[in-house]
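Following is a predicted model, sequence given first.
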Amino acid sequence: MEIGIPSVDLSQYISGNSEARAEFVKKLGEAYEDVGFVAVNNHGIPQELIDSFYNYVEKFFSMDYDNKSQYEIPGLAGQRGYTSFGKEHAKGSDAPDLKEFWQIGQEVKGDDPIKNQYPDNVKVSEIPEFTEQGRYLYSAFEEAGSHLLKAIAVFLGLEENYFDDKIYNGNSILRAIHYPPITQEPKSAIRAEQHEDINLITLLVGASADGLQLLNMQNEWINISAPPGFIVVNVGDMLQRLTNNRLRSTTHRVVNPPKEKWHTHRYSIPFFLHPRSEMSLECLDSCVDEENPLQYESITAGEYLEERLIEIGLLKK
């Protein structure tokens, strides 16, 4: 089954009048209550920047393994640089996902002491533009995400700027994923097993091939489609936890292509918008009542991230 997920126009919130902004907030919030995914137009991320970064992503992953593996840094739990094929698995699954990936993290602005928490980004000597273009894209994603979080805050009855100081110099990650061609009958039909994202929200530019599916409330897998030029933005577990399950972190996966397309590569570029590690994920009072009693114990974003990285195999106990 295929469905176009709900869509919104971010310019309606950024530059619209009060009526347009209120309409955007309502549409976005209800989509996140009902589906957990939304397609966003006029998001401010330049298409030429997306195309340029995709070009460098393809160049990097086409390098031979010996070259790529020098950028896999032990002890970073995959949070910077290269992570080789089969290292990550979904929570609750022993089967490794059929992917390799690269991660770019925050470069701290100002003299914020939080810089001590973040490792440096890894630079590829053969393709210096790779990390440079990734940093530009990171900033564009961060800007778009901050506007979406303002609208989410309004929908939840919070001050519009509620998330601003919590995501400033936050632990967000830009990930470039490569799913290589399938060369023999796979043990699983799944390139990336069903999972939910860890963070507040995830922003995804169009993948280079089909395969992304979400699990709807009728327990059916649905192909996610979004028009050209849109990005897909979904709720992560941290936001679901903060809102006591009011906003939905929807289960999703990436399935293998049909056999006639096994020879194709798939590339995907998600931006996982994380807060600072000290942010409390204690459920908002406004999201707890008799009909929806408290579902979660209090935890910080940093503690929760560490817990989940262990569960998916990137961080060793």
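Thanks, I have the structure now. Numbering: from 1, shown residues only.

Using the three-state scheme, assign the closest residue to Arg21 other than its chain neighbours.
Of all residues not flanking Arg21 in the chain, Tyr13 sits nearest, at 5.3 Å (CB to CB, 6 or more residues apart in numbering). C-beta coordinates here come from the backbone N, C-alpha and C atoms, glycine included. Of the three states, Tyr13 takes helix under DSSP: H, G, I helix; E, B strand; the rest coil.

Distance of Tyr13 relative to Gln240?
Computed with CB to CB, to the nearest Å, the distance linking Tyr13 and Gln240 is 22 Å.

list the buried ones in the top helix by length along the chain?
Counting by DSSP state H, the longest helix found in the chain is helix 128-155. Using 16 or more other CB atoms under 10 Å as the test for burial, helix 128-155 gives 130-131, 133-134, 137-138, 140-142, 144-155.

mind checking how far it is from the chain centre?
11 Å (CA atoms, centre = their mean, to the nearest Å).

Quick check: mean pLDDT of that helix?
Helix 128-155 shows a mean pLDDT of 97.

go on, stretch 233-251?
95.

What distance separates the opening and closing residues of that stretch?
End-to-end distance for stretch 233-251, by CA to CA, to the nearest Å: 13 Å.

Likewise for stretch 197-213?
OK, stretch 197-213 end separation, CA to CA: 14 Å.

do the same with stretch 247-265
End residues of stretch 247-265 are separated by 33 Å (CA to CA).

and if you look at stretch 193-204?
17 Å.

how about that stretch: buried residues?
193-204.

moving C-terminal of the worst-scoring helix or strand of the chain on mean pLDDT, what's the next helix or strand?
Of all helical and strand segments in the chain, the minimum by mean pLDDT, DSSP states H and E falls on strand 2-4, at a mean of 53. The first helix or strand that comes after strand 2-4 along the chain, using DSSP states H and E, is strand 7-9.

which residues make contact with that next one from outside it?
24, 27-28, 31, 38-42, 226-227, 230 (CB atoms under 8 Å, 6 or more residues apart in numbering).

In ChimeraX, how would I select just the buried ones from those residues?
In ChimeraX, a selection of the buried entries from those looks like this (16+ other CB under 10 Å):
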select :24,27,28,31,38,39,40,42,226,230
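
So which residues of this protein form strands?
Along the chain, counting by DSSP state E, strands occupy 2-4, 7-9, 37-41, 81-83, 100-105, 173-179, 190-195, 201-205, 212-215, 221-225, 231-235, 252-255, 266-273.

now the ones you listed as CSV including distance to Ser18?
Listed next are those as CSV, based on distance: least, CB to CB, whole Å:
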stretch, distance to Ser18
strand 2-4, 28
strand 7-9, 16
strand 37-41, 21
strand 81-83, 45
strand 100-105, 37
strand 173-179, 33
strand 190-195, 38
strand 201-205, 24
strand 212-215, 32
strand 221-225, 32
strand 231-235, 23
strand 252-255, 34
strand 266-273, 26
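
closest one to Lys115 among those strands?
With CB to CB as the criterion, Lys115 lies closest to strand 100-105 of the strands of the chain, at 11.2 Å.

List the buried residues for the closest one?
Neighbour-count burial for strand 100-105 [16+ other CB under 10 Å]: 100-105.

Out of the residues you listed, which is nearest to Leu49?
Ile104 (13.6 Å).

and that closest one, what are its bridge partners?
Leu174 (DSSP bridges).

Just the pLDDT for it.
97.

same deal with the one 4 residues further on?
Per-residue confidence (pLDDT) for Val108: 95.

measure the residue nearest to it when sequence neighbours are not counted to Phe271 for me?
Distances taken as CB to CB, 6+ apart place Lys115 nearest to Val108, at 4.0 Å, with adjacent residues excluded. Lys115 sits 20 Å away from Phe271, going by CB to CB.

and what of Thr264?
For Thr264 relative to Phe271 (CB to CB), the value is 24 Å.

rank the strands of the chain by pLDDT, which is bottom?
strand 2-4 (a mean of 53).
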